Structures are given as C-alpha cells and as structure tokens.
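Visitor: Provided below are the primary sequence and the corresponding predicted coordinates.
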Amino acid sequence: MRGIWTTDHVRQAEDRLLARTPEGALMRRAAHGVALRAARMLAEHTGAVSGRRVVLVVGAGNNGGDALWAGSFLCRRGVGVAAVLLNPEKAHPRGLDALVRAGGRVLAPGEYPQWIERADLVIDGVVGISAQGPLRADAAAVFERVDAPVLAVDLPSGVDPDTGAVDGPAVRATSTVTFGARKPVHVLNPDRCGDVTLVDIGLGPELGEPDLVVLDAADVAAAWPLPGPADNKYSQGVTGVAAGSSAYPGAAVLSAGAAVRATSGMVRYAGPVADVVRVHWPEVVATGSVFDAGRAQSWVVGPGIGTGRDGFEVLAHVLGQGVPVCADADAITILARRPEVLDARDPDTPLVLTPHDGEFERLTGAPPGPDRVTAVREAARRFDAVVLLKGHCTLVAAPDGRVLANTARGSWLATAGSGDVLSGITGALLAAGLDPWLAAGVAADVHARAGEIAAGGVPTSASAVLAAVPDALRRVRSYLP
Ligand SMILES: NC(=O)C1=CN([C@@H]2O[C@H](COP(=O)(O)OP(=O)(O)OC[C@H]3O[C@@H](n4cnc5c(N)ncnc54)[C@H](O)[C@@H]3O)[C@@H](O)[C@H]2O)[C@@H](O)CC1
Ligand SMILES: [K+]
C-alpha cells in the first residue's frame, strides 16, 4: 500500500525534519533529484544533456529555490540554464546565488519569449505545496509559449495540491519530481502530473498515518481470495445478485457474470430475467425472486431493477438478510428517494454504495465538487457505509475515515454496463468475507485492469471487460513475491 499525505501533514513533517537537519540540506537533496530527472528527460527527448537548453520558471518560495538549485546542478553538466524570475525580489537568495555562480543566467523581462521557444526542457518551480489557486497571469503567459517537455518541481503549478482540481490556467507536466511523500494531486490528477518520481529526503519517520492510500498490485493479489484444499462451492461464499428487469436484462447478465468470473464460489441470481441469466451463465443458480432465493453470503442489488415499488421491496429484503450488500445504480436512487429503506438494515452488516457523480448528488443532495476526497469521506460517515465514488480516479471511503484511490488506466471503463461488472466483482469479494473497504478497492483495481486489457488501445465494451477479469487477476498475481 502506498501512502499519500495532504500538504498540511507534509508541511508539519517537514518542519520536524528541518529542525534536526543542516540548513539547506533538504532543498539540495530535493533539487538534486530534480536535476537527475531533468538530465534523463533531456537525454530521452534530445539525445544529449550537455549543450542543451533548460529554462527555469521560478516563483517566490522554496519551490522556486528547488528549481534554482537544480539549475545550478545542470549547469555543471554543461546544460545552458536560464531563469525566468516571476518575483525577482523574492526569488530564493541562496538558490539564485548558486545558479549564477554555476554559470546560469537570469533573464530580463523581455528576453524570456525567445528562450522559452528554444528550450529543450522547462522546469516549473512556480509554486509547490503552498500553492493557492490557478497560475497567475504572469506565469500563465510564460507557460502559454511552452512547447518543450515540462518537468514540475513537486507538483504542476496551478493544480490544487490537495484536491487535484484545476480552476484556471495550470501547468500540464510531462513529468513530476516530488519529495518525501506523494501528495493527493499526484493520484487525483495524474494527467497534469505525468509520471511521478518520489525523491527520498528522509521524511518517512515523520509522516505518520497516510491521508489516502493506493493499492499496489501485490496488495490486490494478496487480498484476492483463492480456493484452498479444504474449500467447496459454499465455503468460498455464495454471491447473490438481484439485478435486471425485462427492460434491462443485460444488467443481470453482466453483474452475475462478473461475480462468476471473480470467484469459484457459487453465484445465485434472483430476479425477473432468470432464464436470460441461465443461458449466459449455466453455472449460476437462478430463481425468479429474492423472496424465494436461498442463502447468500453477500448481495449485489440494483443494476437495472428499476426505481419503483418492486425495486424498493427487493432492496429492503436484501438489506434485511444480515449479510454484506453492494447497492448500485437503481438501488442508490431508491435509497436517495426513500432513505427509510435503510431501516431494514442490521446496523452491523456492511453496506457498499457505488455511485457515479449523478447518483452521489442524488444520495447526498450535493455533487462531489472539487474536493472529492472530503466529499466521499463525509458520505461514508453519514451513511455508515463504504462509498465507492466512480470517476477517472475512483475513490473508496470507509466510515472510519480511510480512503483509497484507484487511478484510471485510460478512460476505457466509460462504457455502458461497466458499473454492473464492478458491482458483481465487489459482491463476490464481499461474499468471501473481505473487509468491505478493501473489497471495493480491490474490485475497482481489477475492474480497471480488466478495462485496460479488454481495450488494448481501442474502444471496448462491458462484456469484453467482464471476459478480461481472469487475465487481470493473472496479471496482478504475477506481482506476488
Ligand atoms: N520545507 C522543506 O523542508 C522543503 C521544501 N521543499 C520545497 O518547498 C516547497 C514549498 O515551499 P514554500 O512553502 O516556500 O511555498 P511555495 O514555493 O509552494 O509557494 C511560495 C509562495 O507562492 C505564493 N503563491 C501561492 N499560490 C500561488 C499561485 N497560484 N501563483 C503564484 N504564487 C503563488 C505564496 O505566497 C506562497 O507562499 C515544496 O513544494 C518543495 O518544492 C523542498 O525543497 C524540500 C524540502
Ligand atoms: K511546481
């Protein structure tokens, strides 16, 4: 599991570390990491380092200091370095001194356009973790001229460090070098950060519990339940699926099929399109209604069930079974309109809600807004449920405040029926007894990998995503030590 810390926590940790570190040491270590990455980018993009041109765009704080020091290191490798100082009086004095002593130059205001146009690489040292709001006009005017690859120091300036939100001009980096800890922007807005390199500045012991986590493939593989020698079809957990209707039989086929692909345990289907499900998935034990379905260790409820009285009764029934429930799609709309349905829930049974933005707004009365992490965390507390907020970066919050992020692998999952597949996978993991927060996070990860495999670079479909679940699992298992 990789941790991510908000800027407040990073700043507090840095203060503790700074108190016992010689002055300037951390900044030089950070800047050295920037210079190494910059040299590699020059070599990759131009075939050489020495003789190439780098422009530093330098703001008023330590982020600009990092860029100036990095520039001084690059000068020593024969790179021609020039700095645009956005706020010359406030430019980091020691960094500036180091750059000038190493042979770098400071550009006069009228000089920067031709330098930017001829640059092989631009280093964004406008603002780091103390950033507020979008790029100001002077910095925006500089970056408008940039064609070269951009290396962001700590984070792309203009993008909110804690939410990843962009609300005006902002840098789009080719690569980012960050220090000590990953910040939320790196997972919430990967498109603006490019590839992210983490430089160790010794912050680890000061950091404490992360504010957000990302699962590694090895975490996903380790969490995924596999049958053991003593297992049978019941012991691995029976997944119940209450989905579909005559209008939407596909939702039932996709959700039940995803559960079949995700587990070797038994899958039950209960709903009006049992015959259609049986034709697609002969291994599913299908019946016409949840009221006469046998026992299950979890229920997936909602995809395609409709939002009328029948849907309400189905949802109330499965919530009363005393087993974990994954409520998706129409079940979320029912819950939003008639929250009294939750009275049927035994408060100790886990509930996973999987809204997209529109359903989230229906459920909570407000859209997630720019601070999606806070929004999903509050919803999880309010509903005492795990809430999985779908998006380019999917977030999963637990009622105890834990949040994990699953960064997208392209936009392949933006296809009809994709959510039905996710709910089926989640249901299978709940039936196996996984912690519901982990179940939802692991399901989101494998779903995203299956989407990437199914697409292979071209548009795909939910059926293809479902078919790719086993390959996605094989791939995550290959990361096991
Ligand atoms: N404190 C430390 O121990 C270390 C800090 N480091 C660097 O220091 C950075 C943080 O430095 P600072 O706290 O000095 O602050 P920043 O360099 O992030 O910002 C400097 C100032 O820019 C102004 N500003 C805010 N938003 C702006 C915007 N949108 N456009 C233009 N100006 C804006 C503010 O007045 C702010 O105080 C980190 O991101 C990292 O790059 C690294 O050197 C590693 C060690
Ligand atoms: K920056």
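Guide: Right, received. Where do you want to start? Ligands and ions are numbered 1, 2, ... in the order given.
Visitor: going forward, measure contacts and count neighbours with C-alpha atoms only.
Guide: Will do.
Visitor: what about the longest helix belonging to the chain, near ligand 2?
Guide: Of all the segments of type helix in the chain, defined by DSSP state H, the longest one is helix 25-46. No - if you take CA under 5 Å from the ion as the test, helix 25-46 misses ligand 2, and the best it gets is 11.1 Å.
Visitor: and what of stretch 56-74?
Guide: No - contact check for stretch 56-74 against ligand 2, using CA under 5 Å from the ion: none in range, with a minimum separation of 6.2 Å.
Visitor: how many other residues sit next to residue 145?
Guide: Residue crowding around residue 145 was assessed by other CA atoms under 10 Å; the count is 14.
Visitor: quick check: the gap between it and residue 67.
Guide: Counting by CA to CA, to the nearest Å, the separation of residue 145 from residue 67 is 19 Å.
Visitor: where do the strands sit along the stretch 301-450 of the chain?
Guide: Under the criterion DSSP state E, counting those that start in this stretch, the stretch 301-450 of the chain carries strands at the ranges 325-327, 351-353, 386-389, 393-397, 403-407.
Visitor: can I get the ones you listed in JSON lines including mean neighbour count, mean pLDDT and distance to ligand 2?
Guide: Listed next are these as JSON lines, based on neighbours: other CA atoms under 10 Å; pLDDT from 0 to 100; distance: least, CA to the ion, whole Å:
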{"stretch": "strand 325-327", "mean neighbour count": "30", "mean pLDDT": "98", "distance to ligand 2": "40"}
{"stretch": "strand 351-353", "mean neighbour count": "27", "mean pLDDT": "98", "distance to ligand 2": "36"}
{"stretch": "strand 386-389", "mean neighbour count": "29", "mean pLDDT": "98", "distance to ligand 2": "28"}
{"stretch": "strand 393-397", "mean neighbour count": "26", "mean pLDDT": "97", "distance to ligand 2": "22"}
{"stretch": "strand 403-407", "mean neighbour count": "24", "mean pLDDT": "95", "distance to ligand 2": "21"}
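Visitor: so which of those is nearest residue 133?
Guide: Distances from residue 133 to each of the strands of the stretch 301-450 of the chain were compared by CA to CA, and the smallest falls on strand 393-397, at 21.2 Å.
Visitor: the closest one packs against which elements?
Guide: Using 3 or more CA pairs under 8 Å, 6 or more residues apart in numbering; DSSP states H and E as the contact criterion, the elements in contact with strand 393-397 are helix 372-383, strand 386-389, strand 403-407, helix 436-455.
Visitor: what's the most buried one of those?
Guide: Each of the helices and strands packed on strand 393-397 was scored by mean neighbour count; the highest is strand 386-389, a mean of 29, by mean count of other CA atoms under 10 Å.
Visitor: let me have the strands of the stretch 301-450 of the chain in JSON lines, extended by distance to residue 200.
Guide: Conversion of those to JSON lines gives the following (distance: least, CA to CA, whole Å):
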{"stretch": "strand 325-327", "distance to residue 200": "40"}
{"stretch": "strand 351-353", "distance to residue 200": "36"}
{"stretch": "strand 386-389", "distance to residue 200": "31"}
{"stretch": "strand 393-397", "distance to residue 200": "25"}
{"stretch": "strand 403-407", "distance to residue 200": "22"}
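Visitor: tell me if stretch 149-169 is near ligand 2.
Guide: Yes - Stretch 149-169 reaches ligand 2 (CA under 5 Å from the ion) through 152, 153, 155, 156, 157.
Visitor: quick check: beta-bridge partners of the second one?
Guide: What it means is residue 153. residue 177 (DSSP bridges).
Visitor: wait, it sits on residue 173?
Guide: No - taking CA atoms under 8 Å as the contact criterion, residue 153 and residue 173 are not neighbours in contact, 9.5 Å apart.
Visitor: mind checking which of those two has more residues around it?
Guide: residue 153 (29 against 24).
Visitor: quick one, what contacts that one?
Guide: Taking CA atoms under 8 Å, 6 or more residues apart in numbering as the contact definition, residue 153 lies against 34, 63, 66, 67, 123, 124, 125, 128, 176, 177, 178.
Visitor: excluding chain neighbours, what is closest to residue 275?
Guide: Closest residue to residue 275 in three dimensions, ignoring its sequence neighbours and counting by CA to CA, 6 or more residues apart in numbering: residue 286, at 7.7 Å.
Visitor: so that neighbour sits right up against residue 276, yeah?
Guide: No - applying CA under 8 Å as the test, residue 286 and residue 276 come out as separate, 9.6 Å apart.
Visitor: compare those two and say which is more crowded by neighbours.
Guide: Using other CA under 10 Å, the more surrounded residue of residue 286 and residue 276 is residue 286, with 25 against 17.
Visitor: neighbouring contacts of the helix or strand encompassing that one?
Guide: With elements taken from DSSP states H and E, the one containing residue 286 is strand 285-287. Contacts made with strand 285-287 from outside it, assessed by CA under 8 Å, 6+ apart, are listed as 266, 267, 268, 269, 270, 271, 274, 275, 277, 278, 293.
Visitor: Provide the strand pairings for it, with the direction of each partner.
Guide: Strand 285-287 pairs in its sheet with strand 267-270 (parallel), by DSSP bridges.
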